[in-house]
Structure formats: C-alpha cells, structure tokens
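Student: Sharing a model prediction with you, sequence too.
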Amino acid sequence: MRYGDKVAVDHLSFQVDRGTITAVLGPNGAGKTTTLETCEGYRKPQGGTVRVLGLDPQRDRRALLPRIGVMLQSGGAWSGVKAMEMLDHVARLHAHPLDTGMLYERLGLADCGRTPYRRLSGGQQQRLGLAMALVGRPELVFVDEPTAGMDPMARRTTWELLEELRGDGVTVVLTTHHMDEAERLSDLVHIIDRGRVIASGTPRELTSSHKEATLRMVVPTLSGDARTELAQILGDDVEITALDEAVQISGPADGSTLAAVARWYEHHEVLPVSLTLGQRTLEDVFLELTGREIEA
C-alpha cells in the first residue's frame, strides 16, 4: 500500500489464529492502521492478497461484514444520537444480535443510555464503540485502542470481557498503545515498523528472547563517585543508567549482583526506596526493536 511516494505497507505478511487475541503493535506511521483497514475491507490493497475468515474483504464484502465487528478508535456514532438509541440501531442491523441491555450493564453504560454521544466521556464513547462492535455476535472483532480514556475499573472490565470473548471462541485483533494491555491479553504479538512485521511471538517469547534481566533501584540521592564505584563493583557486563532519582542496572542481574549491590548499600549507608528485579517487558523489547516510543 502506497500513499504517493510513501510505502505504508511493504510486503507485510502474518496470520491470526481463530479463537485467539492477537495484538498488532507499532509506532505511529508504522502501517498498522492501513493494514487493519485493509483487512476490514475499508481499503483495497494495491498488491498481495488478504483473506479474512477465508473471504476476500473486497470481493466478498457482503458475506464478510455480518461475521466481523469493528471498534474504531474514535467516532462511529452520530454526534446528537443518544447512546442507547445508537446501540439499538446497530443491533437492528443484525439478524441475531445480543441483548443490548445486557451489554449496557456489562460495560457500565446503564447510567448514560439517554445521554447524547457528544456528551459522553472519552471512556464512555470507547465502551459504546465496543458494544457496537460486539452486538452482532461477530466471529472476529477488530478493536482499536479499546481502553483509551477509561478509568482503571472500566479498563479491567473491558479486559475481562475480551478474555471472555476468546473463551467463547471469538477471535480478537487488538491494537493498543498500552504495552501492559498487550502483554496481559495477547496470545500472539506482531510488531510492525515501516510497513513490515519485524517481530512475532507470544509476549513470553518476545520478552524471554532478551535474556538480560533488569535491576532497578530507586534511591534518594546518588553522587557521581558513588555511581562510579558501583559500576566498578559490578563489572563491564553491567550497564548503569541514571534516571530521575533512580538508577537502573541492566545486565546479568543474578544473585551475585544483588549481593554486590547490598554491600554497596551498606558501605554508603544508603537505604533504597525500592528495588525490583525482572525480565525485560514488552515495552522494553518494542523500544529496542523500533528505536521509537509508541505515542498515544
């Protein structure tokens, strides 16, 4: 797919298994939106082939649409329509819709059913968008930033609902800027950059492929001399990075590393505010692969 001289999707190839949650991640401009809009039938590919549930999204659009649900990142409803009216309207477009009252209760929208769409909060609009995508009982649902603007309780409820869908055999394709969301929900992750898939795997496979653990300690103050001494104690294999009121140690952070850090604490009479040890996160891997942060 090209836009003028810009190649938005460049010989990209991947597949999504039925009954799974698959995350498609990438920095802005990576090509993921164009890719998914092509799968949804909104764009015609300029080359290559696309099959969704075995169908061509362009040629077989009438047969495909009743079997998929699409949650847009924003929009999808008229500005002045009441939330419940919008969902009821979408439900009537399907042969065997879910009970709209159940969806409203499940997604915490019961108190705003008579509120015009434009007056809903961002999180409420997202929950309505998810309800509209699910009301037709889709076999496959595309969800774009499903928890943007939601409070923690609504976010957790949405996660649980997506997991229940997977348990019922529904296939979910997810795009999100929240790495913890992708790591929590996804069976498989595809990372896209500059129009190509640059990494694929389960969250565990992607994070465990980077063997180095990360030790992060937060200390009230740390002088340059103290940091230099710590670097000498730990050796050249360990990288020490000064953060805001914190020090991050990356490398073979094993038991001997912890013992050396503890002795350093005792010598300098430093009491850490916090000390954490763990493998790299999906966000760490994303940054290493793309060299760019995901921008919300």
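Tutor: That came in fine, so what should we check first? All values derive from a computational prediction rather than experimental measurement.
Student: make it CA atoms for all contacts and neighbour counts henceforth
Tutor: OK.
Student: can you give me the strands in the stretch 101-250 of the chain?
Tutor: Assigned by DSSP state E, counting those that start in this stretch, the strands in the stretch 101-250 of the chain fall at 140-144, 171-175, 188-193, 196-201, 213-218, 239-243, 246-251.
Student: Out of those strands, flag the one nearest R280.
Tutor: For the strands of the stretch 101-250 of the chain, proximity to R280 was assessed by C-alpha to C-alpha; strand 213-218 is nearest, at 6.3 Å.
Student: Domain map for the chain?
Tutor: The record, using automatic domain parsing to delimit domains, assigns the chain the ranges 2-207, 211-279.
Student: And these: which comes nearest E288?
Tutor: The closest of the domains of the chain to E288 is domain 2-207. By C-alpha to C-alpha, the value is 11.1 Å.
Student: what's the span of the closest one from first residue to last?
Tutor: This stretch, domain 2-207, spans 32 Å end to end (C-alpha to C-alpha, to the nearest Å).
Student: starting at the chain centroid, how far to it?
Tutor: Shown here is domain 2-207, whose average C-alpha point lies 11 Å from the average C-alpha point of the whole chain (C-alpha atoms, centre = their mean, to the nearest Å).
Student: and the longest helix for the chain?
Tutor: Counting residues, the longest helix in the chain under DSSP state H turns out to be helix 152-167.
Student: and A148, how many neighbours?
Tutor: The number of residues packed near A148 is 20, by other C-alpha atoms under 10 Å.
Student: Please look at it and Q126 and confirm they touch.
Tutor: Yes: the pair A148 and Q126 qualifies as a contact (C-alpha atoms under 8 Å) at a distance of 6.9 Å.
Student: list the residues that contact both of those two?
Tutor: Both A148 and Q126 lack any common contacting residue under the criterion C-alpha atoms under 8 Å, 6 or more residues apart in numbering.
Student: just for the stretch 151-296 of the chain, where's the confidence low?
Tutor: Along the stretch 151-296 of the chain, the model assigns pLDDT under 70 to residues 209-214, 216-217, 219-223, 243-253, 279, 292-296.
Student: Which residues are in contact with the residue nearest the centre of the chain?
Tutor: Against the mean C-alpha coordinate of the chain, by C-alpha atoms, centre = their mean, the closest residue is T176 at 3.1 Å. Contacts for T176 (C-alpha under 8 Å, 6+ apart) come out as A23, V24, L25, D144, E145, P146, A182.
Student: and it, how far is that from L277?
Tutor: With the distance defined as C-alpha to C-alpha, T176 ends up 26 Å from L277.
Student: what number of residues lie near G31?
Tutor: The local packing of G31 (other C-alpha under 10 Å) involves 23 other residues.
Student: meant to ask about G167, not that
Tutor: Here the number of neighbours of G167 (other C-alpha under 10 Å) works out to 12.
Student: which SS class is the residue lying closest to it once chain neighbours are set aside?
Tutor: Distance criterion C-alpha to C-alpha, 6 or more residues apart in numbering; nearest residue to G167, sequence neighbours excluded, is G19 at 7.5 Å. On the three-state scheme (DSSP: H, G, I helix; E, B strand; the rest coil), G19 is labelled coil.
Student: Same question for the one 5 residues further on.
Tutor: The three-state assignment at V24 reads strand, by three-state DSSP.
Student: contacting residues for it?
Tutor: Going by C-alpha under 8 Å, 6+ apart, V24 touches K32, V173, L174, T175, T176, V189, H190, I191, I192.
Student: Identify the farthest-apart pair in the residues you listed.
Tutor: Using C-alpha to C-alpha, the contacts of V24 span at most 14.0 Å, a distance reached by V173 and I192.
Student: Counting neighbours, go ahead and name the busier of these two.
Tutor: More crowded of V173 and I192, by other C-alpha under 10 Å: I192, with 25 against 21.
Student: Was I right to think the more buried one contacts G26?
Tutor: Yes: checked against C-alpha under 8 Å, the pair I192 and G26 is within contact range at 4.9 Å.
Student: Now the common contact residues for the two.
Tutor: Overlap of the contact sets of I192 and G26 (by C-alpha under 8 Å, 6+ apart) consists of K32.
Student: Thank you kindly, that will do.
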